[in-house]
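Enquirer: task: produce atomic coordinates for the following.
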Amino acid sequence: MAGGRSNAGTAAQLVVSESAVAKHINSILAKLDLPKADADHRRVLAVLRFLGVA
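Expert: Below is the predicted model:
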């Protein structure tokens, strides 16, 4: 996520399916307790939380 790639970009780099990437990202976001919200960019919030900034 911190690399700024889309699911498709991450899938291509890791040579896995896009659905596998989506599944893992959703799992990460759930474990970080980042619920779906129209006003927030959950990937950015996840990286900031990982870095201890948010």
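
Enquirer: as a whole number, average confidence for stretch 24-32?
Expert: The average pLDDT within stretch 24-32 is 91.

Enquirer: roughly how far is it from the heart of the chain?
Expert: Relative to its parent chain, stretch 24-32 has a centroid offset of 7 Å by Cα atoms, centre = their mean, to the nearest Å.

Enquirer: CA atoms of that stretch as PDB?
Expert: Output in PDB follows, covering the C-alpha atoms of stretch 24-32 (Å, rounded to 0.1, in the frame of the first residue of the first chain):
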ATOM      1  CA  HIS A  24      -5.500  -9.200   1.700                       C
ATOM      2  CA  ILE A  25      -5.900  -5.400   1.700                       C
ATOM      3  CA  ASN A  26      -9.400  -5.700   3.000                       C
ATOM      4  CA  SER A  27      -8.000  -8.000   5.800                       C
ATOM      5  CA  ILE A  28      -5.300  -5.500   6.700                       C
ATOM      6  CA  LEU A  29      -7.800  -2.600   6.800                       C
ATOM      7  CA  ALA A  30     -10.200  -4.600   9.000                       C
ATOM      8  CA  LYS A  31      -7.400  -5.500  11.400                       C
ATOM      9  CA  LEU A  32      -6.400  -1.800  11.600                       C
END
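
Enquirer: which residues in the protein form helices?
Expert: Secondary structure of the chain (DSSP state H): helices at 7-14, 18-31, 42-51.

Enquirer: other SSEs contacting the shortest one?
Expert: Counting contacts by 3 or more Cβ pairs under 8 Å, 6 or more residues apart in numbering; DSSP states H and E, the secondary-structure elements packed against helix 7-14 are helix 18-31. The way it works is simple: take the backbone N, C-alpha and C, and place the C-beta from them, glycine included.

Enquirer: now the helix it packs on against helix 7-14, angle please.
Expert: Interaxial angle of helix 18-31 relative to helix 7-14 (axes from the mean of the first three to the mean of the last three Cα atoms, to 10 degrees): 110 degrees.
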